[in-house]
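Visitor: next one to model:
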Amino acid sequence: MADEKTHKPKINVGEKDAERQEPPAAETPEAKPAANEGRSVGDALRNGVGLVSAWVRRTFPGQEKAFWGAILGLIAAVVFLAVGPWPLFVVVVFVFVGVAAGQVLDGDPKIVNTLRHLFNRNSQ
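Guide: Residues are numbered from 1 along each chain as shown. Below is the predicted model of the structure:
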């Protein structure tokens, strides 16, 4: 049965009545602050962007800008596909150009160097 004044059980299983311990003050619901108190949408957005940026840095070290270039190329391709019925290769071209631009910004233009090598007259 519960004590009607404190709404706590009179007998705790495994403990003697005299040794009953009160919960710490931090664990009581009255002592906990609201989870979203003091946070704004901007804080949550910055936290999310920080987490995504950290993931990109861990997953694509040294090629972060190439990754973001690919994402921007993909978004541009989706917008153009939504505006008109473009063929599927447009998506590939935009992503390819985005990755190439990102590699140039990263300082390691592998795609551009490969294209220069392929279309150079002296490379045969």
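Visitor: can you give me the pLDDT of Lys10?
Guide: Per-residue pLDDT puts Lys10 at 61.
Visitor: the one 10 residues further on too?
Guide: Looking at Arg20, its pLDDT is 52.
Visitor: wasn't Arg39 part of a strand?
Guide: No - assessed by DSSP: H, G, I helix; E, B strand; the rest coil, Arg39 does not belong to a strand; its assignment is coil.
Visitor: what pLDDT does it get?
Guide: 74.
Visitor: number of residues surrounding it?
Guide: Neighbour count for Arg39, taken as other CB atoms under 10 Å: 11. Where you see a C-beta, it was placed from the backbone N, CA and C, and this is true even at glycine.
Visitor: quick check: it vs Asn47, distance?
Guide: Using CB to CB, to the nearest Å, one gets 9 Å for the distance from Arg39 to Asn47.
Visitor: now do stretch 54-70: everything it contacts.
Guide: Stretch 54-70 is contacted from outside by 95, 97-103, 105-106, 108, using CB atoms under 8 Å, 6 or more residues apart in numbering.
Visitor: please identify the buried residues of that stretch?
Guide: Under the neighbour-count criterion of 16 or more other CB atoms under 10 Å, stretch 54-70 has 56, 60, 63-70 buried.
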